[in-house]
Each structure stands twice: as C-alpha cells, then as structure tokens.
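Peer 1: below are the sequence and a predicted model; questions follow.
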Amino acid sequence: MRNALTGVERALFLTLAFAAFAAAAVGLGARAFDHMASNYENARRGYAVVRVLAPEGPLGIAAAVAALESAPHVTSAEPMTAGRAAELLAQWGGSPVNAADIPALRLIEIDLAPAAPHTDISGDIVASLAQGGVTAQVIEAPDNASGGGLAARARTIALWASIGFALVMAVIISLGARGLAARRRELVTVMTDLGATRGQAAGRIADEAAILGLYAGLAGAALAAVIAIALLFVAMPGLSVESLRRMILPADLAPILAAPFVAAIAAGAGARAAAGYFHGQAARLG
Amino acid sequence: MARPYNPDLELFERGVFVRLTGVDAGYGPATVLVGVDFEIRSGEVAIITGPAAAGKTTLTHLLRLALTPRDGRAVILGVDTARATSSVRARVKRRIGYVGENPVFIEHWSAYDNIAMPLKLTGMKPAEYAHDVRELVDFVGLGGASDLAVEKLSGAERRRAALARALAAKPNLILADDPTAGMSPGDGRRIVRLLGEMRRVGAAVVIATQDETLADCAPMDRWRIERGRLTRVAEEAAAEAFE
C-alpha cells in the first residue's frame, strides 16, 4: 500500500483530499454558524418582560410573581430590581446609570421554555395572570427589529454559501480527475483499438478515479472532523465527550458523510468525460 | 419474427469478411487510398506488398475501422463502416485482431495481462481465460517473457505479444501491418506461417509488408499497392504446395 500511489497519482490524491477537506471544513463551519444563530434566536425567544399594570405597588408585583409560577411557558420569574435595570440601561446606552436615580419598577423578567411556532405565548401568560387577579402586559423580543429574523436569514446564507463552496470544490476535483484520465490515455487508446466501447473505456478510468476520489474524500473529511473537534475542545473549556455527543445533531455530520461520496462522484464524472473524449480521438484517425 | 433483410450481413454469412468497393481514404486534406477494390473471405490469407508510403498502413487502418472511407463502400464483417454507430464499430473491432507496425501496449502491465485484454473486454473472468492465454503464449513462442512488463521485452518479443493479443479473442479478421519488422528472417517467416495457420479456424488474414518473399511462406492471395492504388497480383496457390 505504501507505494500504491506514486508520482502524479499521489499529487492528485492530495489535491482531491485537500478539496474534500476544504468543502467539509466549510460545511462544518456553516453548521457551527447555524448552531450559533439557532442559540441566538432561542435566547431572544426565551426571554420576555412582564409589565404589571394593576394592582399597583409591591403587592401587584408579588401577586404577579405568584401567578407566573403556574403560568404556561414560564420557567422562571424575577422582579427587575433598580440595580438590574441600571445594568441593562448602561449596557444599551453605553454610559453608567445610577441605580438610585431609577424609580420603582413594575417589571418582571421571565425565562420561557421553547414553544411550537405560532404559539401565542403572550396571550397565554396574560390570561394566566388575569386568573391571579393581575392585569399585565407581556413584552417579547420583536420579530422584525433588534436582530429579529436576522438569524434565520444568516442560517440560510451560510447553508447556500457552503453548498456553493462544495460545488466549486467538486468542480476542482472533477478537473483534477481529468488529469488522471490523461495519464491513462495509453490504456484508453489500447482498449479502443481492441474494440472497447466508449462506456467500457471511460468506465474503467472513471471507476479508478471514483475510488481515488472516495479515499481522498474520506481522508479530507476525517481531517476536517478531527480539526473541528479539536477546535471545539479549545473553544469550550470543560466540554466533555458526553456533552459533545449531545451537542452534535445528525445534520452536523452531513458535510463529513457527503464529502467522500461527492468527491467520488465528481472525480468519476470528470475522468469519465475526459476518457470518453480520448476514446473518441483514438477511435478515428482520419 | 423474421429478421429484416440486410445485404451486408448476408455478405458476411456467405463468408465474405471484407469487401471494399471504389474506396478513397486518407488523413486531413491528403487522400492516400484511391479507388481501392478488395475482397477477402473466411479462410483466406492475403498479402499486400508495396513500397514505403504506398498506403499499406492506411489500408490496414481502414480495415480495422480506424478510418472511414471518403468515397466508395467498405463492408467489414457484415457492417458498412461509414454508416455504423460507434457501438457497432466497437463490436466489429472486437472481432478483428490487429498487429500494428508499432504495437501499442500498456507498458507497465505484463505481456500476459496485455494479451488477455481482448478477453477481458468480452467480459471473461481471469480463471476462464487463463488456459487460453497460456496456450497462446506458447503458440507464439513468448514463453516465460509473458510475465514480464511489456516495457522490458525485446522488439521481437513485443511482436509476438502483439500477435498473441491479436489472436486472443479468436477474431474473424486478422490484420498484420509489417509484422516482421525488426525480426530475423527466420523469426519473420515463422510469424507469417503462424498467421497463415489461422486460415484453418476460418479467419481471414491480411498481411501488409514490404517483403515480397513472405508470400512464399503460406498459401496467399497476392496484392500490390502503389501510390494508393491496389491491384491483385495472383490468387493463392494450392495449400498442398506448402504442406
């Protein structure tokens, strides 16, 4: 096996492996971006503020907190203190805010459990508060402002960009495999002379290129996977193998699984086209 | 269901393996063969002699379907070559054994594997053709050299390997273009006698050469080509005369 690939074939193998690695790495990058966008969107949707309208004063807040404990979608409820408000205002406004300057607030921060799309979360919570004798308003992150909808668009762009990049790599692999067909031109000529059809001559070269592409794709994809896992462990201290397994979705494996097969198909197609051309040339002298 | 009438196929079934009628052929703007009429039947051997650049190699290219006629009609093994599809041409080529002036091999493959290639193309498995290939290797006198890579063979051994490969698929038509080039006279005559032997299995054999004395090796029709024009010199002598 050590000398199975020599000279040009080895260089071609490395080229195909690099292209497969690049495609798989970009695909994994797109999946990582997708995770981040998804987490951002979940964070936006997992938070809301309840503004208590009646009863007024600390009694109203206490009644609202009590009602929120049994309200649907709510996982935790915390009245907003002056200190917390000052911290948020400083974060949004950019300059320090004195907590003592902030009047008494009638706001409660709530964390929400993930809900099915088109669920009326605000309506459910307001109804639950009303049953507890509290009139309130629920303020959720808007869908079309402050980054609303941005994550979905970014995920779509990342997906198509990675597919586009993979297609470019497939074209590079295909062109590289044509070099293999050129190296096997002698074989195509002999086979043609002996009566091989275009399918027989081109098929043999295409099979060889497809196998080379498959192995190169496996090597490239494996390297991309190893680097991706190493980067995760570096970027997320304390990450365990078990939490990594929970974190990885089946869709995250798609670039790794697809790379060898796409590389094999692209290499086979490129070599087949070139060998078919050489067959046509060898078949006719005049 | 009755097979549609096909005069070309009928010609083949009557034993006429090649019929060229008024054929012109050439490369690019150059016309090499002019008005060639030629016919060979099953079990016949034809030797075509002529000086260098007379059109011998072009004629063998035409007969092995690497060239198509510019004018006239070439019916080879029951197929009009000008009208045949590429798959039909490939099928006909598989029934033609060709020994070229400079045989082309897969140089890093063994002679054995090169010789077996026509049989592989027919879909045979190595175990099915191993015996036949070994017999052929012995028949052409290649011996132990068959296991060497072709690039390591001498010129004469390459010729023998080319002959074995040409005969491997038991072709109907055998074409030999200058098959004795670079050989000793004795080896050359032996090769021509081997080619002549193929008449016994019903093949038609065409030998193109500059060496007119080779016509004495076996019973053959004698043809002469000069400046692309082919003429018949003599019909074959009785086979008994060569026994």
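Peer 2: Cool, got the structure.
Peer 1: CA only for contacts and neighbour counts going forward, please
Peer 2: Noted.
Peer 1: which stretches of the stretch 151-286 of chain A have low pLDDT?
Peer 2: Scanning the stretch 151-286 of chain A for pLDDT under 70 picks out A:285-286.
Peer 1: let's see that with 80 instead.
Peer 2: A:151, A:284-286 (pLDDT under 80).
Peer 1: and it, which residues reach chain B?
Peer 2: By C-alpha under 8 Å from any C-alpha of the partner chain, the residues of the stretch 151-286 of chain A that approach chain B are A:186-187, A:190-198, A:200, A:283-286.
Peer 1: need the max-distance pair from those.
Peer 2: The largest separation in these, counting by C-alpha to C-alpha, is between A:Gln200 and A:Gly286 at 22.7 Å.
Peer 1: show the buried residues in the residues of the stretch 151-286 of chain A next to chain B.
Peer 2: Buried members of these, counted by 16 or more other C-alpha atoms under 10 Å in any protein chain shown: A:186-187, A:190-198, A:200, A:283, A:285-286.
Peer 1: let me see the contact set for residue 169.
Peer 2: If you meant another chain, say so; for now it's chain A. With contact taken as C-alpha atoms under 8 Å, 6 or more residues apart in numbering or on different chains, A:Met169 is in contact with A:Ala19, A:Ala20, A:Ala22, A:Ala23.
Peer 1: other chain: chain B
Peer 2: B:Ala169 touches B:Arg94, B:Arg95, B:Gly97, B:Pro118, B:Leu119, counting by C-alpha under 8 Å, 6+ apart.
Peer 1: nearest to chain A, of those?
Peer 2: B:Arg94 (4.4 Å; C-alpha to the nearest C-alpha).
Peer 1: leaving out the residues flanking it, which one is nearest to that closest one?
Peer 2: Counting by C-alpha to C-alpha, 6 or more residues apart in numbering or on different chains, B:Arg94 lies nearest to A:Gly195, which is 4.4 Å off, once chain neighbours are set aside.
Peer 1: which SS state does that neighbour fall under?
Peer 2: Recorded secondary structure, A:Gly195: coil (DSSP: H, G, I helix; E, B strand; the rest coil).
Peer 1: list phi and psi for it.
Peer 2: Main-chain dihedrals, A:Gly195, degrees, to the nearest 10: phi 100, psi 20.
Peer 1: thought it was touching B:Ser87?
Peer 2: No: using C-alpha atoms under 8 Å, A:Gly195 is not in contact with B:Ser87; the gap is 9.1 Å.
Peer 1: setting aside sequence neighbours, what's the nearest residue to residue 26?
Peer 2: I'll assume chain A. Per C-alpha to C-alpha, 6+ apart, closest to A:Val26 is A:Ser162, 5.8 Å.
Peer 1: look at chain B instead
Peer 2: In space, B:Gly26 is closest to B:Val32, 4.7 Å off (C-alpha to C-alpha, 6+ apart).
Peer 1: what strand or helix carries that neighbour?
Peer 2: According to DSSP states H and E, B:Val32 maps onto strand B:30-41.
Peer 1: who are the neighbours in contact with the residue nearest to the spatial centre of chain A?
Peer 2: With distances taken as C-alpha atoms, centre = their mean, A:Arg31 lies nearest the centre of chain A, 1.6 Å away. By C-alpha under 8 Å, 6+ apart, A:Arg31 lies in contact with A:Leu159, A:Ala251, A:Asp252.
Peer 1: 7 Å instead, please
Peer 2: By C-alpha atoms under 7 Å, 6 or more residues apart in numbering or on different chains, A:Arg31 lies in contact with A:Asp252.
Peer 1: can you tell me how far it is from A:Arg153?
Peer 2: As judged by C-alpha to C-alpha, to the nearest Å, A:Arg31 and A:Arg153 stand 14 Å apart.
Peer 1: restricted to helices, list the contacts of B:Ala169.
Peer 2: Judged by DSSP state H, the contacts of B:Ala169 include B:Pro118, B:Leu119 as members of helices.
Peer 1: switch the contacts of B:Ala169 over to a markdown table; also include distance to B:Val18 and pLDDT.
Peer 2: As requested, these are arranged in a markdown table below (distance: C-alpha to C-alpha, whole Å; pLDDT from 0 to 100):
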| residue | distance to B:Val18 | pLDDT |
| --- | --- | --- |
| B:Arg94 | 15 | 91 |
| B:Arg95 | 13 | 93 |
| B:Gly97 | 14 | 93 |
| B:Pro118 | 21 | 92 |
| B:Leu119 | 23 | 92 |
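Peer 1: tell me the one of the contacts of B:Ala169 nearest B:Ser154?
Peer 2: B:Gly97 (21.4 Å).
Peer 1: I figured the closest one hits B:Ala162, correct?
Peer 2: No: B:Gly97 is beyond contact range of B:Ala162, at 9.3 Å (criterion: C-alpha atoms under 7 Å).
Peer 1: thought the residue nearest to B:Arg94 was touching B:Arg95?
Peer 2: No: using C-alpha under 7 Å, A:Gly195 is not in contact with B:Arg95; the gap is 8.0 Å.
Peer 1: quick one: buried residues of stretch A:220-227?
Peer 2: For stretch A:220-227, the neighbour count (16+ other C-alpha under 10 Å) marks A:Gly220, A:Ala221, A:Ala222, A:Leu223, A:Ala224, A:Ala225 as buried.
Peer 1: take those residues and write them to TSV, including distance to A:Pro103 and secondary structure.
Peer 2: Formatted as TSV, the buried residues of stretch A:220-227 follow (distance: C-alpha to C-alpha, whole Å; DSSP: H, G, I helix; E, B strand; the rest coil):
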residue	distance to A:Pro103	secondary structure
A:Gly220	61	helix
A:Ala221	58	helix
A:Ala222	59	helix
A:Leu223	58	helix
A:Ala224	55	helix
A:Ala225	54	helix
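Peer 1: quick check: the two most widely separated of these?
Peer 2: A:Gly220 and A:Ala225 (8.7 Å).
Peer 1: so which helix or strand takes in the residue nearest in space to the middle of chain B?
Peer 2: The residue lying closest to the centre of chain B (C-alpha atoms, centre = their mean) is B:Leu175, at 1.1 Å. Take DSSP H and E as the rule and B:Leu175 turns out to sit in strand B:173-177.
Peer 1: what sits up against that strand?
Peer 2: B:57, B:60, B:95-101, B:203-209.
Peer 1: 6 Å - rerun?
Peer 2: Surrounding strand B:173-177, the residues in contact under the criterion C-alpha atoms under 6 Å, 6 or more residues apart in numbering or on different chains are B:Ile96, B:Gly97, B:Tyr98, B:Val99, B:Gly100, B:Glu101, B:Ala203, B:Ala204, B:Val205, B:Val206, B:Ile207, B:Ala208.
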